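Chemist: The following comprises the amino acid sequence and a computationally predicted model.
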Amino acid sequence: MKSTLCRITLGLWIVTIAVAGWFFVQGWTTPGTDGRMQVVLAPAERDLILGEMRMLLKAVHGVVTGLAGQDQEADRTQMEQAARSVGMAMAADVNPALMAKLPLPFKQMGMSIHRDMDALADAIVQKETSQQILQRLSSMTARCTACHDMYRFGVDK
């Protein structure tokens, strides 16, 4: 009797881990009507993610605006602050329940953008050339457009 109970418990534990792992990788997604994967979120979660994306876009704008300047120290300071504002510190307090709803490739791309924004800020401080900074931005925005081509957000009803 005791060994049967242990086997059942172990089986349930394995099933639970497998389901949790599947949700970690897959997230809460459904096929979208436009060929993209739809990530299903609560309205507040959707607003949070879209707000973060807007902040990333504003940071890219801040860097590009700084590059258009006269390469003064103030321009570099503005660029560094813009990039740093959306680095890993921005992603530190993400709700684990929200993260569980996001598919793994989305999480990977998002975290890589935050890491690369910190690296961009460091590169600006180290006085990389405008061309090098633009190459870094190009690499990041390529991931942004790839993600937007793959995913859309739906609202949990």
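Modeler: That came in fine, so what should we check first? This structure is a prediction, so every number in the text was calculated from the model and none was measured.
Chemist: for the helix or strand hosting residue 122, the distance to its chain's centre please.
Modeler: Using DSSP states H and E, residue 122 maps to helix 104-125. Offset of helix 104-125 from its chain centre (CA atoms, centre = their mean, to the nearest Å): 8 Å.
Chemist: cool, stretch 71-83 as well?
Modeler: Distance, centroid of stretch 71-83 to centroid of chain: 24 Å (CA atoms, centre = their mean).
Chemist: Number of residues surrounding residue 33?
Modeler: 9 (other CB atoms under 10 Å). Just so you know, the C-beta spots here come from the backbone N, C-alpha and C atoms, and that holds for glycine as well.
Chemist: Checking my notes, it in a strand, right?
Modeler: No - using DSSP: H, G, I helix; E, B strand; the rest coil, the secondary structure at residue 33 is coil, not a strand.
Chemist: now it: how far from residue 106?
Modeler: 19 Å (CB to CB, to the nearest Å).
Chemist: circling back to that earlier point, buried stuff in the helix holding residue 122?
Modeler: Buried residues in helix 104-125, counted by 16 or more other CB atoms under 10 Å: 106-107, 109-110, 113-114, 116-118, 120-121, 123-124.
Chemist: same check, this time on stretch 47-66
Modeler: For stretch 47-66, by 16+ other CB under 10 Å, it's 49, 52, 53, 56, 59, 60, 62, 63, 66.
Chemist: Looking at those residues, which is nearest residue 100?
Modeler: residue 49 (13.5 Å; CB to CB).
Chemist: Where does the prediction get shaky in the chain?
Modeler: Filtered on pLDDT under 70, the chain yields the residue ranges 6, 9-26, 157.
Chemist: Excluding chain neighbours, give the residue nearest to residue 27 in space.
Modeler: residue 103 (3.7 Å; CB to CB, 6 or more residues apart in numbering).
Chemist: quick one: residue 48 and residue 98 touch, right?
Modeler: Yes - assessed by CB atoms under 8 Å, residue 48 is found in contact with residue 98 at 7.1 Å.
Chemist: okay, which residue is most central for this protein?
Modeler: residue 110 (1.8 Å; CA atoms, centre = their mean).
Chemist: residues touching that residue, list them.
Modeler: 91, 102, 147 (CB atoms under 8 Å, 6 or more residues apart in numbering).
Chemist: All set, thanks.
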